[in-house]
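Undergrad: Predicted model and sequence follow; I will ask about them next.
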Amino acid sequence: MPRPKTKKELLTQSQKNFEKLMGYISSFSGEEKDAEFPEGTMNRNIRDVLAHLHHWHLMVMEWYEVGMAGKKPDIPAKGYTWKTTPVLKRKIWEQYNTVALEKIQQQLAGSHAAMQELAKGHTDEELFEKKRYKWTGTTSLGAYLISATSSHYDWAYKLIRKAKK
């Protein structure tokens with residue numbers, strides 16, 4: 001699927017991939033949803049994957065709020081760099097590893113809706129013009145939103161599918 005280049009494409013692809021992911025997860029029994037993935041993955045089950053998605057939504061929305069206020073957001077998070085994202089991912093996992101899957105699903109649905117609303121509030125130019133906002137650096141706001149939504153949902157779908165084979 002080509003990378004979105006307009007607000008309509010971003011919203012459509014994000015919603016489509018979200019529904020595909022959630023529909024796939026709903027096809028599993030409760031026991032299958034809670035089952036551990038094979039060794040070798042940080043995210044050990046479906047809950048972990050969904051918590052990861054939710055938390056990245058929260059981080060992107062924080063970057064957005066700080067950046068649009070004219071300040072420099074801590075990207076990816078305060079005290080972390082892109083090189084240290086494995087440590088950040090571990091922290092995220094620890095934060096959510098005792099939260100029930102159903103609660104994570106509700107939180108993810110809410111943060112997904114918030115990301116969609118964020119995108120709806122911008123024009124194509126505001127979303128896809130590179131370097132438009134100082135805080136996004138050389139990329140565009142839309143690139144951040146795509147990475148945290150449609151692309152991330154596709155990653156999650158593929159990860160769960162591979163683990164469930």
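TA: Received it, and whenever you're ready, just let me know what you need.
Undergrad: Could I get the pLDDT score of Val60?
TA: Each residue has a pLDDT score; the one for Val60 is 98.
Undergrad: three-state assignment of it?
TA: Under the three-state scheme (DSSP: H, G, I helix; E, B strand; the rest coil), the conformation of Val60 reads as helix.
Undergrad: From Lys16, how far out is Val99?
TA: Separation of Val99 from Lys16 (Cβ to Cβ, to the nearest Å) stands at 27 Å. For the C-beta atoms, the positions are set from N, CA and C on the backbone; glycine is no exception.
Undergrad: Equivalent analysis for Tyr24, please.
TA: Counting by Cβ to Cβ - Tyr24 and Lys16 are separated by 13 Å.
Undergrad: One more: Gly121?
TA: Computed as Cβ to Cβ, the Gly121 to Lys16 distance reads 20 Å.
Undergrad: Which element, helix or strand, includes Lys162?
TA: In this assignment (DSSP states H and E), Lys162 forms part of helix 150-163.
Undergrad: who touches that helix?
TA: Outside of helix 150-163, the residues that reach it under the criterion Cβ atoms under 8 Å, 6 or more residues apart in numbering are 1, 3-4, 10, 13-14, 16-18, 20-21, 24-25, 37-38, 41, 43, 46, 49-50, 52-53, 56.
Undergrad: Could you pull out the buried residues of that helix?
TA: By 16 or more other Cβ atoms under 10 Å, the buried positions in helix 150-163 come out as Ser150, Ser151, His152, Tyr153, Asp154, Trp155, Ala156, Tyr157, Leu159, Ile160, Ala163.
Undergrad: One more: stretch 41-59?
TA: Residues of stretch 41-59 classed as buried: 43-59 (neighbour count, 16+ other Cβ under 10 Å).
Undergrad: Identify all contacting residues around it.
TA: Contacts of stretch 41-59 (Cβ under 8 Å, 6+ apart): 25, 28, 33-37, 76-77, 86, 89-90, 92-93, 95-97, 99-101, 104-105, 107-108, 111-112, 114-115, 148-149, 152-153, 156, 159-160, 163.
Undergrad: Appreciated, that's everything.
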